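> Take this sequence and fold it.
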Amino acid sequence: MPHRIPTFSLAEWRTATDEAGVADRLLEMCHGVGFFFLTDHGVDDDFLAGYFRLLEEFFGLPESTKSLIDKRRSPHFRGWERVGAELTNNRVDYREQLDLSTEHPPHPADVEPAYLRLDGPNQWLPEAVLPGFHAAVDGFFERMGAVAWELMEIMSVGLGLPRQHLRTLFGERPLSLVKLISYPRTPPGEAGVNAHHDAGFLTLLLQHGAGGLQALAPDGAWIDVDPPAGAIIVNIGEMLQAMTGNYFVACTHRVIANEPRCSSAYFHGPDLRTPLAPLALPARFAEAVAASPRHRDAGFMAKRDELLEGRDDIASDSAAVFGQQMWNYYVRSYPDVVEAHFPGTI
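Okay, the predicted model is just below:
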């Protein structure tokens with residue numbers, strides 16, 4: 001992997017006379033790095049500026065106000081969390097967050113399989129507390145989702161699949177996640193978020209002002225992920241790694257904040273019931289994986305019980321369906337929420 005993050009322009013795709021060639025370039029980035037900067041995406045600068053103003057206003061509210069939507073109140077793992085509430089690989093992350101997901105009607109609390117408990121409502125502050133905030137977050141979901149669907153179409157073309165193949169696989173009730181994040185300065189020897197893979201399919205990230213995001217090269221060097229102005233940072237999640245038989249690979253990344261920073265991430269996700277079975281791809285993709293130890297041996301984030309048993313951080317197997325993959329993430333990261341709503345689960 002080169003010690004830089006490549007750039008992909010959506011304008012190249014939208015005006016392409018050689019779609020296969022443009023799609024192949026995107027596939028090379030997903031196979032070789034797993035991170036890229038997306039330019040010419042068409043998301044309005046004024047919208048993003050207003051969105052980040054409201055994000056900063058939210059994090060500036062008193063804790064007594066934000067705690068009205070504390071994540072520990074939600075059996076669906078949605079809401080606000082104070083600095084240090086999330087664990088990555090059983091280590092504290094030094095960041096404050098608000099997690100919101102696509103809203104679907106909830107299932108009974110004892111529904112099986114357990115991952116269906118992730119369906120449900122978000123927690124929102126009263127509109128009078130922060131006017132326009134709910135609408136802005138909805139707008140972020142809509143805009144990032146549209147970009148993600150377009151990227152999936154390009155990936156489908158590059159993988160030799162029908163244009164809408166990946167979108168069709170996303171099923172009846174796609175479930176995406178948005179994180180609004182505020183990082184204080186990271187304490188020495190700690191991390192704003194510890195080294196990890198994203199559990200989902202595709203991540204679109206915008207960071208406001210200060211940097212701090214780093215991606216891990218195969219030789220063990222950390223690469224600073226500093227995007228061009230206005231670019232969206234895109235990285236591959238473990239679901240897409242699993243479905244491409246490790247041809248795409250989820251790159252390990254972390255945040256070390258040398259100064260306070262804000263960011264917002266959109267995690268594009270399918271129906272919780274979506275199988276993670278490998279796609280039926282041309283043989284050349286499996287041959288490329290077999291020829292590369294990095295891809296052939298790529299693992300997945302350990303489950304919580306594996307971590308407690310001393311298993312390596314990124315050495316597990318993929319789950320069979322998307323919902324189980326996400327349930328593993330939430331149980332691993334929020335044991336207090338699990339114990340509050342589903343005692344005895346861990």
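> tell me the helices in the stretch 1-150 of the chain, going along the chain?
Under the criterion DSSP state H, counting those that start in this stretch, the stretch 1-150 of the chain contains helices at 10-14, 19-32, 45-59, 63-66, 133-158.
> And for the stretch 151-300 of the chain?
Secondary structure of the stretch 151-300 of the chain by DSSP H, counting those that start in this stretch: the helices cover 165-169, 238-243, 283-290, 293-296.
> out of these, nearest to S64?
Set against S64 and scored by C-beta to C-beta, the helices of the stretch 151-300 of the chain come closest in helix 238-243, at 36.9 Å. C-betas here are computed from N, CA, C, even on glycine.
> could you dump that closest one to PDB, C-alpha only?
Taking Å, rounded to 0.1, in the frame of the first residue of the first chain, the C-alpha atoms of helix 238-243 are listed here in PDB:
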ATOM      1  CA  GLU A 238     -15.800  -5.400   7.200                       C
ATOM      2  CA  MET A 239     -19.100  -6.400   5.500                       C
ATOM      3  CA  LEU A 240     -17.800  -5.400   2.100                       C
ATOM      4  CA  GLN A 241     -14.600  -7.200   2.800                       C
ATOM      5  CA  ALA A 242     -16.600 -10.400   3.600                       C
ATOM      6  CA  MET A 243     -18.800 -10.100   0.600                       C
END
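> all strands in the stretch 101-250 of the chain, in order from the N-terminus.
Under the criterion DSSP state E, counting those that start in this stretch, the stretch 101-250 of the chain carries strands at the ranges 177-183, 193-196, 202-208, 213-216, 222-224, 232-236.
> Quick check: which of those strands is nearest to R294?
Of all the strands of the stretch 101-250 of the chain, strand 213-216 sits nearest to R294, with 11.3 Å by C-beta to C-beta.
> Just to check, G42 is in contact with W13?
No: taking contacts as C-beta atoms under 8 Å, G42 lies outside contact range of W13: 11.5 Å.
> Between these two, which has more neighbouring residues?
More crowded of G42 and W13, by other C-beta atoms under 10 Å: W13, with 19 against 11.
> if we can go back for a sec, would you mind putting the helices of the stretch 1-150 of the chain into TSV with distance to V92 alongside?
Formatted as TSV, the helices of the stretch 1-150 of the chain follow (distance: least, C-beta to C-beta, whole Å):
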stretch	distance to V92
helix 10-14	37
helix 19-32	31
helix 45-59	19
helix 63-66	18
helix 133-158	26
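> A114: which of these is closest?
Taking C-beta to C-beta, helix 133-158 is the member of the helices of the stretch 1-150 of the chain nearest to A114, at 25.0 Å.
> For the closest one, which residues meet the burial criterion?
Within helix 133-158, the residues that count as buried by 16 or more other C-beta atoms under 10 Å are 133-134, 136-137, 139-141, 143-145, 147-158.
> list the helices and strands it packs on?
helix 10-14, helix 19-32, helix 45-59, helix 165-169, strand 177-183, strand 202-208, strand 261-268 (3 or more C-beta pairs under 8 Å, 6 or more residues apart in numbering; DSSP states H and E).
> so which of the ones you listed gets nearest G237?
Using C-beta to C-beta, the nearest of these to G237 is strand 202-208, at 5.9 Å.
> Give me the residues contacting that closest one.
Residues outside strand 202-208 that contact it (C-beta atoms under 8 Å, 6 or more residues apart in numbering): 38, 48, 52, 55-56, 144, 147-148, 151-152, 213, 227, 232-237, 240, 261-268.
> beta partners of F267?
Legend: beta-bridge partners of F267 under DSSP bridges are L177, T203.
> Number of residues surrounding it?
Applying other C-beta under 10 Å, we find 25 residues neighbouring F267.
> measure it to L100 for me?
From F267 over to L100 the distance is 11 Å, taken as C-beta to C-beta, to the nearest Å.
> Repeat that for R78.
From R78 across to L100, the span is 6 Å (C-beta to C-beta).
> likewise Q325?
For Q325, the distance to L100 equals 19 Å [C-beta to C-beta].
> so who does the closest residue to H196 other than its chain neighbours touch?
With sequence-adjacent residues excluded and distances taken as C-beta to C-beta, 6 or more residues apart in numbering, H196 is closest to T88, at 4.9 Å. T88 makes contact with 191, 193-196, 333, according to C-beta under 8 Å, 6+ apart.
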